[in-house]
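Asks: turn this into a model:
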Amino acid sequence: DQGGFASGFGAETQFVGGNPPMTARIKYLLPKRHTFGKMSMEIQDMNGKKIVSISPGKSKGINIVNWNFTIKNPKVAKGKTFSFGGFTSPRVPAGKYKAILTKGKETYEHVFEVINDKNNGLSEADIALKHKTTMKMYDMTQDLAYMVYELNTIHDAVKDKNKKLASSLNELLETLVITTGDNYVSSAEPQLREKMSDLYSKIAGSYDKPTASELESLKVIEKRFNEAKATFEKLKKKAKVEDLQLQTFDEFINE
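Replies: Okay, here's the model as predicted:
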């Protein structure tokens, strides 16, 4: 089928976990250059859940698209400084995945398998712990981002009506993200976002399992985050803002 995937597709999608340059090479043949209409590609798990979108090649002939076995970067809380955790993408666990190419009204699908490197020195339990810990930090990073978005929106709504509540919201915000200065500030004390982001980047970017020290740091960060969430819930109840226009979590994460 000239509009479908090339027959060599599956053979080139083997994952070697200890070698970052290795990618899945998705190959397909187009009888002519795609110029009109929608053409997209995404990776899905076997339940049809989208993992990531990737840009398909549209040239006549054989096209090769590379995927580096990662999901999209996490959404990071807005602050006055850069957070390098936002540049770190978690790798997917071993298993079967689907490459879905949509060209106009036609859809082409190919299943391939991602496998772990047998020489990475990690047991199956180590690999599972690493993935579970990485994704826990990934989700926590995005939950913090949404909480800061909610907090800022409520603060803007009450700042002229309830200065005491606005002050309390601002005090909480200052414990979550750096709120003063610019992207070149290096002397500001790291807040929760920075501590969370740094640990997430370290764990997600490593090929080793999380250390005992990193797991202990995660407990401390999680405790601090849960305390901040509890404080925010109390302040939200006091706000009582009518017709507050808030994005849903999914809208916010995917905007």
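Asks: and E113, helix, strand or coil?
Replies: Assigned with DSSP: H, G, I helix; E, B strand; the rest coil, E113 falls in the strand class.
Asks: wouldn't it be in contact with P93 here?
Replies: No - with contacts counted by C-beta atoms under 8 Å, E113 stays clear of P93, the gap being 11.7 Å. For every residue, glycine as well, the C-beta is placed using N, CA and C.
Asks: what is in contact with these two at once?
Replies: Residues touching both E113 and P93 (C-beta atoms under 8 Å, 6 or more residues apart in numbering): none.
Asks: compare these two (neighbour count), which wins?
Replies: Using other C-beta atoms under 10 Å as the criterion, E113 and P93 rank with P93 on top: 17 against 13.
Asks: residues contacting the more buried one?
Replies: Counted by C-beta under 8 Å, 6+ apart, P93 has contacts V114, I127, A128, H131.
Asks: among those, which pair sits farthest apart?
Replies: Greatest spacing in the contacts of P93, by C-beta to C-beta: V114 and A128 (14.6 Å).
Asks: more crowded one of those two?
Replies: V114 (20 against 13).
Asks: that one and K96, how far apart?
Replies: 8 Å (C-beta to C-beta, to the nearest Å).
Asks: SS state for K236?
Replies: Under three-state DSSP, K236 comes out as helix.
Asks: from K223, how far off is it?
Replies: 21 Å.
Asks: what's the answer for P93, then?
Replies: P93 is 27 Å from K223, by C-beta to C-beta.
Asks: ok so, going back, looking at the contacts of P93, which is nearest N120?
Replies: I127 (8.0 Å).
Asks: appreciated, that's everything.
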